[in-house]
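# Build me a model from this:
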Amino acid sequence: MKLLQKIKTVAICLLVLVAFSRCDKTEPSQTDGSTEHAHASAEEYYTCPMHPSVRSDGPGACPVCNMSLVKVSGNQTGKDEGFRLTPWQRQLANIEVQEIKSGGIGTANAKVLTGEVILNENSVEAITARIPGRIDKLYIRSKGEQVKKGQPLYQIYSEQLVSVQNEYLLALQQEGINLGELKSEFANSSRQRLLLWGMTDSQIKNLRQSGKPSATLTYFSPVSGTVMDVAALEGSYVQEGTQIMRLANLNSVWVQAQLYPHELAQLNKESDVRVIPEANTKDTLKAEWVLTNPTIETSQQINLVTLKVDNKNGELLPGQMAYVLTGNNKSQKSRGVFVPKSAVIPGQMPMLWIENPDSTFQSRMITLGIQTKDWVEVLDGIHAGERVVVRGAYLLNSEFVLKSGGSNSHQH
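So this is what the prediction gives:
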């Protein structure tokens with residue numbers, strides 16, 4: 001009897017334990033299901049395919065590019081772990097990455113002006129005809145050719161040249177006649193005329209030795225430089241003073257910048273001024289103040305300032321654009337870094353992509369500064385030494401949106 005009662009007691013305890021066990025398993029299941037449903041619902045939102053930073057709870061248009069927002073969902077962990085591409089995807093998107101070097105255009109207190117490279121007028125040599133005649137031959141024909149001092153430039157035919165050469169030879173033949181100083185003056189006068197007409201000492205010496213005048217004369221370059229233009233043609237007749245060509249020494253050039261009158265008052269010849277070629281914004285060249293236009297351009301109310309820049313490496317060519325930095329403080333650090341324009345996805349919130357050391361990619365919102373033809377100054381958002389995607393940024397951005405719904409957060 002007692003044994004039967006013990007068995008009933010044990011059975012009741014077992015039933016109670018089983019009941020509690022089922023309740024424990026059922027209730028969490030319902031709670032988890034409810035949480036997953038709510039979590040999934042919270043993860044659904046609308047975003048722009050081109051600007052994943054734009055997020056909305058409902059459909060609409062992107063405030064940046066006006067594209068229709070698309071519905072996305074994903075597992076939001078709140079942690080930015082980067083976005084990874086497979087080697088095949090990377091090759092297909094033609095992803096190219098460059099490491100960003102330090103060096104922006106200037107400092108926070110520097111003024112950046114737009115300038116144009118022009119010829120240094122003090123280094124231009126005009127080659128003109130010394131005597132009237134016909135251009136028989138041009139040894140230099142093309143603009144841009146390099147000329148060395150003493151190199152033949154052109155040959156001219158002139159009958160007047162023969163007349164003066166005969167006078168000189170006649171004066172030399174008067175040795176047997178006692179004319180005293182008169183003979184000497186006559187010979188020197190004829191020799192000076194030949195020098196003024198372009199003959200060299202060597203050519204006059206050859207004339208004296210041969211005793212035969214020549215109607216043609218080869219003119220040699222008095223300087224080294226670059227041919228800027230050739231005005232004469234072979235066979236054309238020229239008068240004394242007619243320009244044949246122009247040579248310029250480009251070892252130094254001028255850069256002409258525009259300033260408003262109130263800006264000019266803040267600058268002087270002692271100001272630290274530097275020039276940055278548009279083609280190579282990573283290089284800064286020291287500039288020397290040359291002159292200021294004494295008049296103001298009435299149509300634009302601006303003043304022109306001319307700067308001299310050493311150009312022995314040939315970076316600057318006349319006609320190119322350049323940036324002029326004024327009031328630059330060398331003790332301050334550069335404002336930012338430069339990246340190729342192809343790396344920037346423009347818009348109201350410009351951004352770019354960087355590659356992390358673990359080969360993942362992250363998007364960054366950036367603040368833009370000066371823009372040139374091929375480069376953009378980034379003032380904030382990236383740092384020197386980081387690797388920036390310079391090719392394939394748009395494809396990378398689209399792939400990221402399709403894959404993860406734009407969950408990669410922008411960083412500053």
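
# and N109, what pLDDT?
Note for N109: predicted pLDDT of 48.

# ok, now R246?
So, for R246, pLDDT stands at 94.

# For the residue nearest to it when sequence neighbours are not counted, give me its contacts.
Sequence neighbours aside, M228 is the residue nearest to R246 in space, at 4.5 Å (criterion: Cβ to Cβ, 6 or more residues apart in numbering). Where you see a C-beta, it was placed from the backbone N, CA and C, and this is true even at glycine. Remark: with contacts taken as Cβ atoms under 8 Å, 6 or more residues apart in numbering, M228 is in contact with L119, V124, K143, M245, R246, L247, A248, P318.

# roughly how far apart are M228 and H262?
36 Å (Cβ to Cβ, to the nearest Å).

# count of residues packed around the nearest residue to I366 once chain neighbours are set aside?
For I366, ignoring the flanking residues on the chain, the nearest one in space by Cβ to Cβ, 6+ apart is G381 at 3.4 Å. Here the count is done by other Cβ atoms under 10 Å, and G381 has 20 residues near it.

# measure G381 to F186 for me?
Shown here: G381 relative to F186, a distance of 83 Å by Cβ to Cβ.

# Same check on N356?
Relative to F186, N356 is positioned 89 Å away (Cβ to Cβ).

# go on, D380?
As judged by Cβ to Cβ, D380 and F186 stand 82 Å apart.

# between these two, which one's more packed in?
F186 (17 against 14).

# For that one, pull up the helix or strand it's in.
Using DSSP states H and E, F186 maps to helix 181-196.

# For Q243, give the beta-bridge partners.
Applying DSSP bridges to Q243 gives these bridge partners: T128.

# quick one: it and I127 touch, right?
Yes - checked against Cβ atoms under 8 Å, the pair Q243 and I127 is within contact range at 7.1 Å.

# more neighbours, these two?
With neighbours defined as other Cβ under 10 Å, Q243 and I127 compare such that I127 has more, 22 against 14.

# Could I get the contacting residues of the more buried one?
With contacts taken as Cβ under 8 Å, 6+ apart, I127 has the following neighbours: L153, Y154, Y219, S221, Q243, I244, M245, R246, L247.

# Export the residues you listed to CSV and append columns for secondary structure and distance to R84.
Shown next, in CSV, are these (DSSP: H, G, I helix; E, B strand; the rest coil; distance: Cβ to Cβ, whole Å):
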residue, secondary structure, distance to R84
L153, strand, 65
Y154, strand, 68
Y219, strand, 70
S221, coil, 63
Q243, strand, 66
I244, strand, 67
M245, strand, 62
R246, strand, 60
L247, strand, 59
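
# Just give me the closest of the residues you listed to V305.
Closest to V305 out of those is R246 (24.8 Å), distances taken as Cβ to Cβ.

# and the residue lying closest to D374 once chain neighbours are set aside, how many neighbours does it have?
In space, not counting the residues next to it along the chain, D374 is nearest to K341; the distance is 5.9 Å by Cβ to Cβ, 6+ apart. Around K341 there are 13 other residues, counting by other Cβ under 10 Å.

# per-domain residue ranges of the chain.
The record, using automatic domain parsing to delimit domains, assigns the chain the ranges 2-43, 76-104+335-404, 111-120+250-326, 127-245.

# can you give me phi and psi for the spatially closest residue to S56 that is not a sequence neighbour?
The spatially closest residue to S56, leaving aside those adjacent along the chain, is Y46, at 4.5 Å (Cβ to Cβ, 6+ apart). In terms of degrees, to the nearest 10, the main-chain angles of Y46 are phi -110, psi 140.

# tell me the pLDDT at Y46?
The confidence metric pLDDT takes the value 80 at Y46.

# K71 now?
pLDDT recorded at K71 is 78.

# gap between the nearest residue to N311 once chain neighbours are set aside and N166?
In space, N311 comes closest to V253 once its chain neighbours are excluded; the distance is 4.8 Å by Cβ to Cβ, 6+ apart. Noted for V253: a distance of 46 Å to N166, by Cβ to Cβ.

# out of those two, which sits in the more crowded spot?
The neighbour comparison of V253 against N166 (other Cβ under 10 Å) goes to V253, with 26 against 12.

# and the gap between that one and G150?
24 Å.

# again with T86
In this structure, T86 lies at 65 Å from G150, with Cβ to Cβ as the measure.

# Between these two, which has more neighbouring residues?
G150 (11 against 8).

# need the contact list for the more buried one.
With contact set as Cβ under 8 Å, 6+ apart, G150 has these partners: F220, S221.

# part of a strand, is E240?
No - judged by DSSP: H, G, I helix; E, B strand; the rest coil, E240 forms no part of a strand; its state is coil.

# excluding its backbone neighbours, what's nearest it?
Ranked by Cβ to Cβ, 6+ apart and with sequence neighbours excluded, the top spatial neighbour of E240 is P132, at 5.4 Å.

# swap in E121?
Nearest one to E121, counting by Cβ to Cβ, 6+ apart, is W254 at 7.3 Å.

# For the helix or strand containing the one you found, buried residues please.
Assessed by DSSP H and E, W254 sits inside strand 252-259. If you call a residue buried by 16 or more other Cβ atoms under 10 Å, then strand 252-259 has these buried ones: S252, V253, W254, V255, Q256, A257, Q258, L259.

# for stretch 129-138, what is the average pLDDT?
Averaging pLDDT along stretch 129-138 gives 92.

# Do me a favour and get the end-to-end distance for that stretch?
13 Å (Cα to Cα, to the nearest Å).

# same thing with stretch 99-118?
Terminal residues of stretch 99-118 are spaced 34 Å apart (Cα to Cα).

# G241 touches T128, doesn't it?
Yes - judged on Cβ under 8 Å, G241 makes contact with T128 at a distance of 5.4 Å.

# Compare the two and say which is more crowded by neighbours.
Taking G241 and T128 together and counting by other Cβ under 10 Å, T128 has the greater number of neighbours (18 against 10).

# The more buried one: what's it in contact with?
Shown here is T128, whose contacts under the criterion Cβ under 8 Å, 6+ apart are G241, T242, Q243, I244.

# how much space between it and P318?
Taken as Cβ to Cβ, the spacing of T128 relative to P318 amounts to 21 Å.

# Y219 too?
Taking Cβ to Cβ as the measure, Y219 falls 25 Å from P318.

# Can you tell me which helices and strands the strand holding W254 packs against?
Using 3 or more Cβ pairs under 8 Å, 6 or more residues apart in numbering; DSSP states H and E, the elements in contact with strand 252-259 are strand 111-118, strand 303-310, strand 321-326.
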